[in-house]
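Q: here's a sequence, model it:
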Amino acid sequence: MKILRLSTFLDFGGIESKMVNLSSLEDVENEWVFVALGKGGQSEKKIQAKGKRTACLHLNHKIPSLSTIWKLFLFLNKEKPDVLHTSGAEANFFGFFAGKLAGVKTIVVEEIGIPNHSSKAKKIFQYIFKKADWVVGESKIVVDNLIQTYKLNPLKTKVIHNFGIFKSIETRKDLYKIQEIFKIIMISRLEPVKNIEGVLNVVKRLKNEGREIRLSIAGKGSIEGELKNLVQNLEIHENVDFLGLISDPYPHLLEADLYVLNSHSEGFSNSLVEAMYSKTPSLSTSVGAAPEIIKDGVNGFLVPADNEEALFLKVKEITQMSAMQRKQIGEAGHKTIIENFSLENHVEKLMEIYKA
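A: This next block holds a predicted model:
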């Protein structure tokens, strides 16, 4: 079976990281091809290094474009995949119409988060979702929203959680030791939806209360300059480090006392899975798949989205926990990820719909 995975880009980002991880699969029965409507880059090279084929088409990815539909149709007609699995709005739009024109047997469209479509776009995507063979989401909240908003057949929708690639990592530092500085890490795109400024405000308040805090922020994005200006304005430049893009999150996670994901909205966070796998106590807003993964105070921590006061109180509470309490929560988070979010589990669920 030939499976073609289509995304908007193969550079960097959550979907791209997922494609890189998926390309680690050793599958002698099926051929996997990773395709981008637009440019390639970092993720493209990583996929190629794993021995998988990529194709970056450098097409106009802005909806709508009849030229892009036609050129993608020509590509699909040549490739003749058995399954076309698209991820993200642009890939779903162009992939669906080009895939139908090319007569692809099975078309799977996947939403990473909860769409925020205009009324016109909503009608178009309702048609796409209803006519696709399967509609997939990374979390129950996303799939339930799609079913309700777009009036979809629940029997043609499926929750397929994301996954992690788990490798041997160094032992965490001794959490029993009393640390003078409490170290927090965030790993994400520097975009408004991640609400990094809310965490910066919390760092400021904790500093004002006399707590020694160090926040490391890994990632790049459109508001990097704004965030750096905010750090200066809040006078917390001695408490915040911007790490830029990092190739391996684990050395940074292993040195952290707490990982924080403060998104306004989210699908399934790769970095949350990585953080929990590393046994780093992890805090997330109750968005996307996080409430399906985390039981507050047991294997991680949850706070409501867009509630800076709740975030402040929760982080403050965590800083006051004993090292033993944090260690137990970190280890429980690790156990959750190992047992439920492996590549093998993910692919098994994919194959159920690919072969249906």
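
Q: could you report the pLDDT at the spatially most central residue of the chain?
A: The centre of the chain sits closest to Ser269, judged by C-alpha atoms, centre = their mean, with a distance of 3.4 Å. At Ser269, the predicted lDDT confidence score is 86.

Q: got the contact list for it?
A: 14, 162, 261, 263, 284, 288-290 (C-beta atoms under 8 Å, 6 or more residues apart in numbering). The C-beta positions use only the backbone N, C-alpha and C, and glycine is treated the same way.

Q: adding neighbour count and distance to Lys123, write the residues you listed out as a markdown table.
A: Shown next, in a markdown table, are the contacts of Ser269 (neighbours: other C-beta atoms under 10 Å; distance: C-beta to C-beta, whole Å):
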| residue | neighbour count | distance to Lys123 |
| --- | --- | --- |
| Gly14 | 21 | 27 |
| Asn162 | 24 | 29 |
| Leu261 | 23 | 33 |
| Ser263 | 25 | 28 |
| Ser284 | 28 | 33 |
| Gly288 | 28 | 25 |
| Ala289 | 24 | 28 |
| Ala290 | 25 | 30 |
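
Q: out of those residues, flag the one nearest to Leu215.
A: Leu261 (13.3 Å; C-beta to C-beta).

Q: so the closest one makes contact with Ala289?
A: No: between Leu261 and Ala289 there is no contact under C-beta atoms under 8 Å: 11.0 Å.

Q: please name the nearest non-neighbouring residue to Arg326.
A: Once flanking residues are discounted, Arg326 sits nearest to Pro281: 4.8 Å by C-beta to C-beta, 6 or more residues apart in numbering.

Q: that neighbour and Val315 touch, don't they?
A: No: Pro281 is beyond contact range of Val315, at 10.9 Å (criterion: C-beta under 8 Å).

Q: where do the contact lists of the two overlap?
A: Residues touching both Pro281 and Val315 (C-beta under 8 Å, 6+ apart) are Leu258.

Q: mind listing the strands for the stretch 201-350 of the chain?
A: With DSSP state E, counting those that start in this stretch, the ranges of strands along the stretch 201-350 of the chain come out as 213-218, 240-244, 258-261, 282-285, 301-303.

Q: partners of the third one, with directions?
A: This points to strand 258-261. strand 182-187 (parallel), strand 282-285 (parallel) (DSSP bridges).

Q: any idea of the mean pLDDT in the last one?
A: With pLDDT averaged residue by residue, strand 282-285 scores 98.

Q: how about residues contacting that strand?
A: 195, 258-264, 266, 269, 272, 275-276, 290, 294, 300-306, 311, 314-315, 318, 330, 333.

Q: select only the buried ones of the residues you listed in ChimeraX?
A: If you want just the buried ones from the contacts of strand 282-285 in ChimeraX, going by 16 or more other C-beta atoms under 10 Å, the selection is:
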select :195,258,259,260,261,262,263,266,269,272,275,276,290,294,300,301,302,303,305,311,314,315,318,330,333
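
Q: what's the mean pLDDT across stretch 349-356?
A: 96.

Q: before we move on, back to that, I'd like the strands paired with strand 258-261 as CSV, with distance to Leu66 appended.
A: Below are those laid out as CSV (distance: least, C-beta to C-beta, whole Å):
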stretch, distance to Leu66
strand 182-187, 39
strand 282-285, 39
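
Q: deepest of the ones you listed, which one?
A: strand 282-285 (a mean of 27; mean count of other C-beta atoms under 10 Å).

Q: export that strand as CSV, just CAs?
A: The C-alpha coordinates for strand 282-285 follow below in CSV (Å, rounded to 0.1, in the frame of the first residue of the first chain):
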residue,chain,number,x,y,z
SER,A,282,4.4,19.3,33.3
LEU,A,283,1.7,21.9,33.5
SER,A,284,-0.7,22.6,30.6
THR,A,285,-3.8,24.6,30.0
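
Q: how about the strands of the stretch 1-150 of the chain, start to end?
A: Counting by DSSP E, counting those that start in this stretch, the stretch 1-150 of the chain has these strands, from start to end: 2-7, 31-36, 53-56, 83-87, 106-111, 134-137.

Q: is Asp241 bridged to anything, and to what?
A: Ser216.

Q: please renumber the chain so that the first residue is 9 from this point on.
A: In the new count, where the first residue is 9, that last one comes out as Asp249.

Q: burial of it, as a residue count?
A: 16 (other C-beta atoms under 10 Å).

Q: got a pLDDT number for Phe20?
A: On the pLDDT scale, Phe20 gets 84.

Q: I figured it hits Gln50, correct?
A: Yes: counting by C-beta under 8 Å, Phe20 does reach Gln50; the two are 4.9 Å apart.

Q: for the protein, which residues score under the pLDDT cut-off?
A: Scanning the chain for pLDDT under 70 picks out 178-187.

Q: tally of neighbours for the spatially closest residue to Ile132 that is not a sequence neighbour?
A: Nearest residue to Ile132 in three dimensions, chain neighbours excluded: Phe101, at 7.4 Å (C-beta to C-beta, 6+ apart). Phe101 has 24 neighbours, counted by other C-beta under 10 Å.

Q: same check, this time on Lys148
A: Lys148 has 14 nearby residues by other C-beta under 10 Å.

Q: what about the helices in the stretch 109-258 of the chain?
A: With helices called from DSSP state H, counting those that start in this stretch, the stretch 109-258 of the chain shows them at 127-139, 148-158, 204-216, 232-241, 258-261.

Q: for Asn315, see how far away Gly172 is.
A: 28 Å (C-beta to C-beta, to the nearest Å).
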